[in-house]
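Asks: any chance you could fold what I've pasted below:
(one chain, ligands or ions: 1)
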Amino acid sequence: MATLWSSRYAQRTQRMGRSMIRELLELTTRPDIISFAGGLPAPELFPVARCQEAACRTLTEHGSTALQYGPTEGFLPLRQFICDRISRYGIAANPANVMITNGSQQALDLIGKLLLNPGDRVLVEEPTYLGALQAWNAYQAEYVSVPIDDDGLRTDLLESALRIGPKFMYVLPNFQNPGGTTLSESRRKALVRLSNKYGIPIVEDDPYGALRFEGEHIRPLVALDVDYQRSAGLNGHSFMEGNVIYLGTLSKTLAPGLRLGWVVAPFDVVEQFVMAKQGADLHTSNFTQMLAYEVIKDGFFDEHIREIRRVYRERRDLMLDAMERYFPEGCSWTRPAGGLFLWVRVPGWIDTAAMLPEAVEHCVAYVPGSAFYVNPLRGCNTMRLNFSNARPDQIETGIRRLGDLLKAKLAGQHTEVTAHA
Ligand SMILES: Cc1ncc(COP(=O)(O)O)c(C=O)c1O
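Replies: Model (predicted):
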């Protein structure tokens with residue numbers, strides 16, 4: 001029934017519709033369905049007992065601060081902890097460069113609030129993180145897409161896209177969501193060079209960087225940008241004054257329910273973020289920030305991340321192995337060196353969005369790849385599979401079900417073709 005409200009929504013809400021895919025994916029929460037659709041961490045790895053102790057300690061020792069309003073920038077010891085950790089990757093930030101957010105999703109929303117006028121273009125990878133598109137659609141953004149391949153963003157195609165004049169580039173260099181790909185070092189350097197050449201800044205979203213299963217960590221764009229600027233004599237300082245805003249989160253390394261993420265940026269940009277966040281929620285919960293800090297300080301975090309990597313690596317290998325055995329010829333997939341996802345390409349005529357209801361009937365689910373494209377008519381024969389959340393036995397069964405469905409589709413096409421022959 002139409003209410004008085006229905007004629008009063010702002011224009012921007014026209015871009016905020018619920019997608020059909022989301023409706024379908026709601027079905028996948030049924031207990032009989034093995035879902036590779038969500039981006040969920042393995043819940044059995046959440047350090048529940050340690051969180052319980054930390055909550056008690058926080059309330060006992062710092063209860064009056066934890067339950068009080070706090071600074072918009074966030075809890076200082078947590079911001080210092082983040083600086084210490086990212087220094088391992090060559091990012092020289094101090095707490096004044098860091099603002100805590102309600103997950104990195106809030107950071108994406110605040111970026112839209114700060115930077116996007118209606119009609120402004122954002123350069124995104126194709127495919128890219130759906131949540132970023134959702135955040136910026138609400139600010140009436142337009143997009144310029146540049147495809148990715150096994151080495152991440154195709155920097156060889158970047159220059160013509162940059163000439164269109166996007167406001168900024170949004171890049172996921174490590175174990176991309178949804179592609180599972182990692183941007184090679186040479187492409188990172190090319191990207192930073194082009195960013196400086198065209199004066200177009202970068203938002204580097206790195207929720208998965210700590211979850212590398214093999215190979216060497218590659219320097220983040222934010223650090224390479226500082227190197228570049230120094231070598232070009234553009235900026236003599238080691239602190240962050242460059243063209244990159246870097247986003248991180250505790251969602252994949254501790255627990256997404258805590259809703260703790262962060263923005264690392266030049267100080268003057270952080271000041272703008274602080275003003276934008278004040279209007280949104282004043283600050284992120286003091287209690288959860290203090291609780292998380294209690295949990296991760298004292299060396300526990302490294303140990304915990306090692307365990308997550310071990311388990312996810314095992315699950316990735318199980319999924320890859322099961323796909324080799326059960327998927328029909330004509331399918332290909334990425335082999336991510338970390339993170340939570342892999343990306344599958346099926347024969348061109350199979351529409352994975354149209355196939356999803358059948359998959360749900362077979363009690364298995366995935367996200368159709370078109371959801372991650374700015375133009376939903378692209379990527380129709382692709383899908384994203386999550387390997388972190390399902391248990392090993394579910395991975396085997398779920399991939400077998402999906403493989404059987406794909407084989408039946410291929411056999412069906414064969415029958416159709418011979419029937420028409
Ligand atoms: C690339 C990317 N960015 C941001 C987020 C949001 O994470 P959170 O808000 O939980 O920190 C996700 C979550 O899956 C993601 O994959």
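Asks: list the buried residues of stretch 37-57.
Replies: For stretch 37-57, the buried set under the neighbour-count rule, 16 or more other Cβ atoms under 10 Å, comprises Ala37, Gly38, Gly39, Pro41, Ala42, Leu45, Phe46, Pro47, Arg50, Cys51, Ala54, Ala55. The C-beta positions use only the backbone N, C-alpha and C, and glycine is treated the same way.
Asks: swap in stretch 92-101?
Replies: Neighbour counts using 16+ other Cβ under 10 Å place Ala93, Pro95, Asn97, Val98, Met99, Ile100, Thr101 of stretch 92-101 among the buried residues.
Asks: the ligand: which of these is nearest?
Replies: Set against the ligand, the nearest of the buried residues of stretch 92-101 by Cβ to the nearest ligand atom is Thr101 (7.9 Å).
Asks: mind listing what that closest one touches?
Replies: For Thr101, the contact set (Cβ atoms under 8 Å, 6 or more residues apart in numbering) comprises Ala107, Leu110, Leu260, Gly261, Trp262, Val263, Lys277, Thr284.
Asks: between the buried residues of stretch 92-101, which sits nearest Ser7?
Replies: Closest to Ser7 out of the buried residues of stretch 92-101 is Thr101 (33.5 Å), distances taken as Cβ to Cβ.
Asks: residue ranges with poor pLDDT in the stretch 301-421 of the chain?
Replies: Counting by pLDDT under 70, the stretch 301-421 of the chain shows low-confidence ranges at 414-421.
Asks: ditto for the chain
Replies: Within the chain, the set of residues satisfying pLDDT under 70 comprises 1, 17-25, 28, 235-240, 414-421.
Asks: name the nearest residue to the residue most central in space within it, ignoring sequence neighbours.
Replies: The residue at the geometric middle of the chain, judged as the C-alpha nearest the mean C-alpha position with Cα atoms, centre = their mean, is Asn177 (5.1 Å). Of all residues beyond its chain neighbours, the one nearest Asn177 is Tyr129 (4.9 Å), with distances taken as Cβ to Cβ, 6 or more residues apart in numbering.
Asks: show me where the stretch 51-200 of the chain has helices.
Replies: 76-87, 103-115, 130-137, 158-163, 185-198 (DSSP state H, counting those that start in this stretch).
Asks: for the stretch 201-350 of the chain, same thing?
Replies: Under the criterion DSSP H, counting those that start in this stretch, helices of the stretch 201-350 of the chain are mapped to 221-231, 267-281, 286-296, 300-326.
Asks: closest to Tyr208 out of the helices of the stretch 51-200 of the chain?
Replies: Nearest to Tyr208, of all the helices of the stretch 51-200 of the chain, is helix 103-115, at 10.9 Å by Cβ to Cβ.
Asks: buried sites along that closest one?
Replies: Gly103, Ser104, Gln105, Gln106, Ala107, Leu108, Asp109, Leu110, Ile111, Gly112, Lys113, Leu115.
Asks: which of the buried residues of stretch 92-101 are close to the ligand?
Replies: Judged by Cβ under 6 Å from any ligand atom, the overlap between those and the neighbourhood of the ligand is nil.
Asks: who's in contact with the closest residue to the ligand within the stretch 101-250 of the chain?
Replies: Here the stretch 101-250 of the chain gets closest to the ligand at one residue, Gly103, 2.5 Å apart by Cβ to the nearest ligand atom. With contacts defined as Cβ under 8 Å, 6+ apart, Gly103 is in contact with Thr249, Ser251, Pro256, Arg259, Leu260, Gly261.
Asks: what sits against the residue nearest to Asn177?
Replies: Contact criterion Cβ under 8 Å, 6+ apart gives Tyr170, Leu172, Asn177, Pro178, Asp205, Phe372 as the residues in contact with Tyr129.
Asks: need the residues you listed in a markdown table (columns: distance to Ala292).
Replies: A markdown table is the format used below for the contacts of Tyr129 (distance: Cβ to Cβ, whole Å):
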| residue | distance to Ala292 |
| --- | --- |
| Tyr170 | 26 |
| Leu172 | 23 |
| Asn177 | 22 |
| Pro178 | 27 |
| Asp205 | 20 |
| Phe372 | 29 |
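Asks: how far out from the middle of the chain is the lengthiest helix in the chain?
Replies: Longest among the helix segments of the chain by residue count, using DSSP state H, is helix 392-420. In terms of Cα atoms, centre = their mean, to the nearest Å, the gap separating the centre of helix 392-420 from the centre of its chain is 30 Å.
Asks: can you give me the angle it makes with helix 300-326?
Replies: Per axes from the mean of the first three to the mean of the last three Cα atoms, to 10 degrees, the angle that helix 392-420 makes with helix 300-326 is 30 degrees.
Asks: now do helix 392-420: which elements does it pack against?
Replies: strand 34-35, helix 300-326, helix 352-361, strand 364-365 (3 or more Cβ pairs under 8 Å, 6 or more residues apart in numbering; DSSP states H and E).
Asks: which one of the ones you listed lies closest to Trp136?
Replies: In this view, the helices and strands packed on helix 392-420 are compared for proximity to Trp136 by Cβ to Cβ, and helix 352-361 is the closest at 22.2 Å.
Asks: extract the CA atoms of the closest one and return them as CSV.
Replies: Once non-C-alpha atoms are left out, helix 352-361 reads as follows in CSV (Å, rounded to 0.1, in the frame of the first residue of the first chain):
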residue,chain,number,x,y,z
THR,A,352,24.6,-18.5,-14.3
ALA,A,353,21.9,-16.1,-13.1
ALA,A,354,19.2,-18.1,-14.9
MET,A,355,20.8,-21.3,-13.6
LEU,A,356,20.7,-20.2,-9.9
PRO,A,357,17.1,-21.3,-9.2
GLU,A,358,18.0,-24.8,-10.5
ALA,A,359,21.2,-24.8,-8.4
VAL,A,360,19.0,-23.9,-5.3
GLU,A,361,16.7,-26.9,-6.2
